[in-house]
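Q: my questions are about this predicted structure, shown below with the sequence.
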Amino acid sequence: MLMSFMVAAQTERSVELPGVSAQQDAGRRIRVQPGDNLQSVFNAVRSGDVIELPAGAQFAGPFVLPQHDGDGWVTIISVDSQNRLPAAGVRVTPEDVVAMATLVAETEPVIRTAPAAAWYHFIGVEIRPGHAGNVPNHVAGTRRTVNNLVELSSGRNQPGDMPHHIVFERSYLHGDPVLGTRRGIVLNGAHMAVIDSHLSDFKSRDDAQAIAGWEGSGPFLIRNNYLEATGENVMFGGADPSVAGRIPSDIVISGNHFYKPLSWLPGHADHDGSRWSVKNLLELKNASRVLIDGNLFEHNWPQAQNGFAILFTVRNQSGRAPWSVVEDVVFTNNIVRRVGAGISVLGFDDNYPSQRTRRLQIRNNLLYEVGGQWGSGRLFQLLDSPAGIEISHNTAVQSEAIMWVEGEAVPDITITHNIFMHNIAGFSGTNTAPGQQSIDRYFSGSVTIQGNVLIGPGGANYREGMTRVSNIAGMEFADPVDGNFTRPQQAVQQNTDSNPVPGVDFEKLCAALSIPDRPSYC
């Protein structure tokens, strides 16, 4: 039922993307030459215009996108005589920069929006700090750099001022490799999308995100991107909206590769000696109606926080937004690997008043190499009574507890048809023994636990819903050492609604992972 609700919500408020004929609209074609004043072009732009930037040219900002007449798209596109930019739908890489024009600024955002700016479509541009790669190490601690590369925000937060209908497609955004850059794109508006792009080197000793939003209403689409940041690769919330009741909503995050380079990991052979504030791969602090589907989440470890890869942690960040909530979230068909811990859910903000985290579906995900050399190995953590949690058809190999619960009991929980490593802790909670005692203490209301397979030793007993397998070999996984947890056909051929097989349905998982980083078995 929750998935049906989500699909309906996304259909009703989907992000409006430019059509394939956007560049053939009846506007002007404006060819900008190296050395021209690009801001003056923006200032004079009209609905339907196509601004052509020659590949290899660099334009120095900062640039402000003004409000223009009408509701037709203004397209800003790099023009390459050799047609080296990948086709629509293909994610760019840093090597594609040869087909791009470059926009830079020294300390201010390279691109920001004027109030009510709308209908801008960027295709195939490089955006970076003006001095990226050119700062000697001895001045790295003293020189300022760009805080947000692209800042899509009104700045005034008055009715009608919100920017909207802005898309970045097949573009390469990257921070300063020495100084770091705090954020790639700030999505504080409506009808915004980042697709088929590469965002990297967003890092800070405080906090950093490749994409972040807290002030906008949505909808938002983040699809088929490479996303790299030290803090949270993507985060919604984290600051109090200035407009009462505002919640970033109708968010689709699909087909992305969330990644933290091992050059940031102290003690690793690839570590470059840097010291950044590493936190999580994805965090929702204030968000409603979110679909997170078909993504690869890779590399996270304890550093500035405890190593959880995915956080659904409601926060009324500075105490001025008691309406803050995390609700109606669907997390499906994702791979989470090589992380310190899995998914943490917080029911209520423990600093300021908030709404309750509610209605989360975690279904058909593969999580492996959770813990061990990467961290504590805790798979799920439910704190302070989130409500309406479904955890179904997941396959997970983790080194510590399946679930740790703390605080008041969790009302309404479904845990069905999963495959988990059991280890010693199993299902545990504060001041209760692992196993059935913890389940009885920390789950209340509607509780459904059935069809789960627990692999490995451990003395915990369970009343129902758990089948024990002594070791991982008994599951007949194809190649668990190499991350292939598919099983022989005879083990899954009876997978029907009336006779469900536990664990991931790899046909559904592979269909959702339409990304260049998909596993070889898909």
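A: Right, received. Where do you want to start? Note that this is a predicted model, so its numbers are computed, not measured. Numbers count the residues shown, from 1 in each chain.
Q: burial of residue 162, as a residue count?
A: Residues lying near residue 162 (other Cβ atoms under 10 Å) number 25. Yep, even glycine has a C-beta here, placed from its N, CA and C like the rest.
Q: pretty sure residue 84 contacts residue 96?
A: Yes: assessed by Cβ atoms under 8 Å, residue 84 is found in contact with residue 96 at 6.9 Å.
Q: between those two, which one's more packed in?
A: Higher neighbour count among residue 84 and residue 96: residue 96, with 21 against 15, using other Cβ under 10 Å.
Q: name the nearest residue to residue 389, ignoring sequence neighbours.
A: Leaving aside its sequence neighbours, residue 389 sits nearest to residue 413 (Cβ to Cβ, 6 or more residues apart in numbering; 4.8 Å).
Q: quick check: next helix or strand after the host helix or strand of the one you found?
A: Element membership for residue 413, per DSSP states H and E: strand 410-416. Using DSSP H and E, the next helix or strand after strand 410-416 towards the C-terminus is strand 419-421.
Q: now do that following strand, average pLDDT.
A: Rounded to a whole number, the mean pLDDT of strand 419-421 is 96.
Q: try stretch 29-45
A: 96.
Q: any idea how far it is from the chain center?
A: Stretch 29-45 sits 34 Å away from the centroid of its parent chain (Cα atoms, centre = their mean, to the nearest Å).
Q: dump that stretch to PDB, keeping only the CA atoms.
A: Provided in PDB are the C-alpha atoms of stretch 29-45 (Å, rounded to 0.1, in the frame of the first residue of the first chain):
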ATOM      1  CA  ARG A  29      20.300  30.900 -30.600                       C
ATOM      2  CA  ILE A  30      23.000  33.000 -28.900                       C
ATOM      3  CA  ARG A  31      26.600  31.900 -29.500                       C
ATOM      4  CA  VAL A  32      28.800  33.300 -26.700                       C
ATOM      5  CA  GLN A  33      32.500  33.700 -27.600                       C
ATOM      6  CA  PRO A  34      35.500  33.400 -25.200                       C
ATOM      7  CA  GLY A  35      35.900  36.700 -23.500                       C
ATOM      8  CA  ASP A  36      32.300  37.800 -23.900                       C
ATOM      9  CA  ASN A  37      30.400  39.000 -20.800                       C
ATOM     10  CA  LEU A  38      28.200  35.900 -20.000                       C
ATOM     11  CA  GLN A  39      26.300  37.800 -17.200                       C
ATOM     12  CA  SER A  40      25.100  40.400 -19.700                       C
ATOM     13  CA  VAL A  41      23.700  37.500 -21.900                       C
ATOM     14  CA  PHE A  42      21.800  36.100 -18.900                       C
ATOM     15  CA  ASN A  43      20.500  39.600 -18.100                       C
ATOM     16  CA  ALA A  44      19.000  39.900 -21.600                       C
ATOM     17  CA  VAL A  45      17.700  36.300 -22.000                       C
END
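Q: number the residues from 13 up from this point.
A: Got it, the first residue is 13 from now on, which makes the last one we talked about stretch 41-57.
Q: name the residues of it that are buried.
A: Residues of stretch 41-57 classed as buried: 42, 44, 50, 51, 53, 54, 57 (neighbour count, 16 or more other Cβ atoms under 10 Å).
Q: restricted to helices, list those.
A: Among these, the members falling in helices (DSSP state H) are 50, 51, 53, 54.
Q: which neighbours does the strand or helix carrying residue 115 have in its sheet, and in what orientation?
A: Here residue 115, judged by DSSP H and E, is contained in strand 113-117. Strand 113-117 has the following sheet partners, assigned by DSSP bridges: strand 70-72 (parallel), strand 137-141 (parallel).
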